[in-house]
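K.L.:
Sequence and predicted model, in that order:
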Amino acid sequence: MKLTKEDLTIPNLISAFRLLLIPVFAVLASLEHDLAALIVVAVSSISDWADGYIARRFNQVSELGKSLDPIADRCFILVTFVVLVVREEIPIWLLLLVVGRDLVMAILVSLVARSGHRPMAVTYVGKAATLCLLVAMPLFLLATLTADASTFSDVARVLAWIFALIGVVLYWASAIQYLRRGVTLLRVRPEVDNV
């Protein structure tokens with residue numbers, strides 16, 4: 001995809017900034033600088049909200065932005081879960097469920113794009129899944145950060161697991177929605193892309 005002048009919008013720059021925060025977060029969380037890692041997650045979350053708000057409010061929605069924003073979310077979730085597995089904060093099966101779904105979606109999106117169709121619109125179930133997973137991430141970190149205050153830590157860990165499990169279920173439910181939509185698109189020619 002070639003960048004155009006229209007792609008150089010504030011929301012797209014904010015999404016690019018979020019992508020740059022991912023390695024910063026990974027290093028901080030790997031070194032167990034959890035407070036600093038939580039601050040990076042907070043900045044990323046605020047910027048995630050800001051890029052969407054600015055794009056809609058100032059009519060700066062772009063095709064690049066529609067791709068860049070979910071990519072930033074996926075990468076942040078993936079890197080966080082990898083770090084949490086390495087730190088033995090979560091089991092590897094939780095990471096595999098997230099990675100497995102993302103691989104299914106990567107194949108589907110690639111097939112749909114190769115067949116000449118426009119990218120599929122994000123579903124509300126997919127947005128809810130991402131939100132749950134993005135909420136679970138800082139809660140897992142908060143649980144380790146507050147380990148001395150055991151009650152607070154326990155509450156944070158329980159909430160993290162609730163959001164993570166709901167997020168994974170919704171994540172796969174949205175994948176089923178996308179698969180149905182993708183199969184329908186692959187059966188028709190791109191000119192009739194309005195199913």
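P.N.:
Done, it's in. These figures come from a predicted structure and were not determined experimentally.

K.L.:
Residue 67 and residue 119 touch, don't they?
P.N.:
Yes. The pair residue 67 / residue 119 is scored as a contact, 6.7 Å apart, by C-beta atoms under 8 Å. Glycine gets a C-beta too; all of them are placed from N, C-alpha and C.

K.L.:
Between those two, which is the more surrounded one?
P.N.:
More neighbours surround residue 67 than the other of residue 67 and residue 119, with 15 against 12 (other C-beta atoms under 10 Å).

K.L.:
tell me which element the more buried one falls in.
P.N.:
helix 63-86 (DSSP states H and E).

K.L.:
do residue 61 as well
P.N.:
In the assignment (DSSP H and E), residue 61 maps to no helix and no strand.

K.L.:
Excluding chain neighbours, what is closest to the residue nearest the centre of the chain?
P.N.:
Nearest to the geometric centre of the chain sits residue 73, at 2.6 Å (C-alpha atoms, centre = their mean). Excluding its sequence neighbours, the residue lying closest to residue 73 (C-beta to C-beta, 6 or more residues apart in numbering) is residue 130, at 5.2 Å.

K.L.:
again with residue 84
P.N.:
Using C-beta to C-beta, 6+ apart and skipping residues adjacent in sequence, the residue nearest residue 84 is residue 90, 4.5 Å away.

K.L.:
secondary structure class for the one you found?
P.N.:
Using DSSP: H, G, I helix; E, B strand; the rest coil, the structure places residue 90 in coil.

K.L.:
Neighbours of it, how many?
P.N.:
By other C-beta under 10 Å, the residues close to residue 90 number 19.

K.L.:
Could you list the low-pLDDT ranges of the protein?
P.N.:
1-3, 5, 147, 149, 191-195 (pLDDT under 70).

K.L.:
can you map out the helices along it?
P.N.:
Listed in chain order, the helices of the chain (DSSP state H) span 10-30, 34-57, 63-86, 92-114, 124-145, 150-187.
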